[in-house]
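**Student:** quick one: sequence and predicted model below, then my questions.
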Amino acid sequence: MTRTVYVNGDYLPETEAKISIFDRGFLMADGVYEVTSVLDGKLIDFGGHAKRLERSLTELDMASPVTMDELLEIHRELVRANGIVEGLVYLQITRGAPGDRDFVFPDPATTPSTIVLFTQNKPGLADSPQSKVGMKVIGIDDIRWGRRDIKTVQLLYPSMGKMMAKKAGVDDAWLIEDGFVTEGTSNNAYIVKGNRIITRNLGNDILHGITRAAVLRFAREAQMEIEERAFTIDEAKKADEAFITSASAFVMPVVEIDGVAVGAGTPGAVTRRLREIYLDESRRAAV
Ligand code: PMP
């Protein structure tokens, strides 16, 4: 089945969707994005993603070509048109195509932003085999830019990090700056000590995960203890449990770091409980 995608106001078959070669997303990674998961044919935490998108756009002085209400309708229409029950909706907005290459931002009055959305069908997303066995990670240097709180499409180093992990025979990499873990290549990082959940505090050095915010809220409601502070990779190796969160992986156990088993080397009880709570609560609030 040909996927229906959305480009600048039109719903089109993916084979007919086109973007200019002068688009600043293509030439300069001058764009922002969001990924929203779909469970039971409904959007998980759309409000959180829309809010972060608005913040990313504001931080980069970029105009949104649509209102957030219109954006919700576009998401819903793509989910419907493509028959997505479990999967993802990818959204990207760039500073548009000024018709030539220039470092200076174009005038938004004459160069409208580009907007693209497409769905990814992922049957079994919530019941992934990896959530049962956990994932293995390695620590690598975090050499990304200083505004990781803005969700830009500059994903070359995260891609390289995933390749380093693949080459090392593991699933992902945790990024380390000044001795402390910032986050995963495409997820937020956590450790558990006893009943306490430890995760890096928000700042410009990590993406403010929408899943992170929801998981911490649900954990607080369940009377779990939370400590928002940086931790080292060595502290992580000695923790009782470790896990990551993202819109596509939800809550995913980490059972090995740099070849060292975390806790018993199997998904821990706190992590499993958080995954269950997160999926239950998110499904209930899905739109
Ligand atoms: N950190 C980074 C670097 C990411 O790319 C992502 C996923 N886009 C996250 C954290 C998790 O964010 P979210 O829970 O909003 O998907």
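**Tutor:** Right, received. Where do you want to start? Predicted model, so just to flag it, every value in this text is computed and none were measured. Residues are numbered from 1 along each chain as shown.
**Student:** tell me where the chain has helices.
**Tutor:** Secondary structure of the chain (DSSP state H): helices at 24-28, 46-59, 68-81, 130-133, 156-167, 210-221, 233-237, 269-285.
**Student:** want to throw those helices into JSON lines with distance to Gly179, mean neighbour count and mean pLDDT?
**Tutor:** Any C-beta I mention is one placed from the backbone N, CA and C, and that applies to glycine too. Converted to JSON lines, those look like this (distance: least, Cβ to Cβ, whole Å; neighbours: other Cβ atoms under 10 Å; pLDDT from 0 to 100):
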{"stretch": "helix 24-28", "distance to Gly179": "32", "mean neighbour count": "19", "mean pLDDT": "98"}
{"stretch": "helix 46-59", "distance to Gly179": "28", "mean neighbour count": "18", "mean pLDDT": "98"}
{"stretch": "helix 68-81", "distance to Gly179": "39", "mean neighbour count": "16", "mean pLDDT": "98"}
{"stretch": "helix 130-133", "distance to Gly179": "28", "mean neighbour count": "14", "mean pLDDT": "97"}
{"stretch": "helix 156-167", "distance to Gly179": "18", "mean neighbour count": "15", "mean pLDDT": "98"}
{"stretch": "helix 210-221", "distance to Gly179": "22", "mean neighbour count": "19", "mean pLDDT": "97"}
{"stretch": "helix 233-237", "distance to Gly179": "8", "mean neighbour count": "18", "mean pLDDT": "98"}
{"stretch": "helix 269-285", "distance to Gly179": "24", "mean neighbour count": "17", "mean pLDDT": "97"}
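**Student:** could those go into TSV alongside distance to the ligand?
**Tutor:** Output for the helices of the chain, formatted as TSV (distance: least, Cβ to the nearest ligand atom, whole Å):
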stretch	distance to the ligand
helix 24-28	16
helix 46-59	7
helix 68-81	15
helix 130-133	15
helix 156-167	6
helix 210-221	3
helix 233-237	16
helix 269-285	10
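**Student:** where does pLDDT dip in the stretch 101-250 of the chain?
**Tutor:** Within the stretch 101-250 of the chain, no range satisfies pLDDT under 70.
**Student:** how about the strands of it, start to end?
**Tutor:** Secondary structure of the stretch 101-250 of the chain by DSSP state E, counting those that start in this stretch: the strands cover 114-121, 135-141, 172-177, 180-184, 188-193, 196-199, 225-228, 241-246, 250-257.
**Student:** looking at the ones you listed, which is closest to Lys18?
**Tutor:** Lys18 sits nearest to strand 114-121 of all the strands of the stretch 101-250 of the chain, at 10.3 Å, using Cβ to Cβ.
**Student:** quick one: strands adjacent to the closest one?
**Tutor:** Sheet pairing for strand 114-121, assigned by DSSP bridges, gives strand 4-7 (antiparallel), strand 87-94 (antiparallel).
**Student:** among the ones you listed, which is nearest the ligand?
**Tutor:** strand 87-94 (10.0 Å; Cβ to the nearest ligand atom).
**Student:** restrict that closest one to CA atoms and write it as CSV.
**Tutor:** Only the C-alpha atoms of strand 87-94 are listed here, as CSV (Å, rounded to 0.1, in the frame of the first residue of the first chain):
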residue,chain,number,x,y,z
GLY,A,87,3.1,3.1,14.9
LEU,A,88,4.6,6.6,14.8
VAL,A,89,3.8,10.0,13.2
TYR,A,90,6.9,11.9,12.1
LEU,A,91,6.6,15.7,11.7
GLN,A,92,9.3,18.1,10.4
ILE,A,93,9.2,21.9,10.0
THR,A,94,12.0,23.7,8.3
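**Student:** show residues contacting it.
**Tutor:** If you take Cβ atoms under 8 Å, 6 or more residues apart in numbering as the criterion, strand 87-94 is touched by 23-26, 30-38, 43, 53, 57, 62, 64-65, 71, 75, 78-79, 113-123, 125, 153, 247-248.
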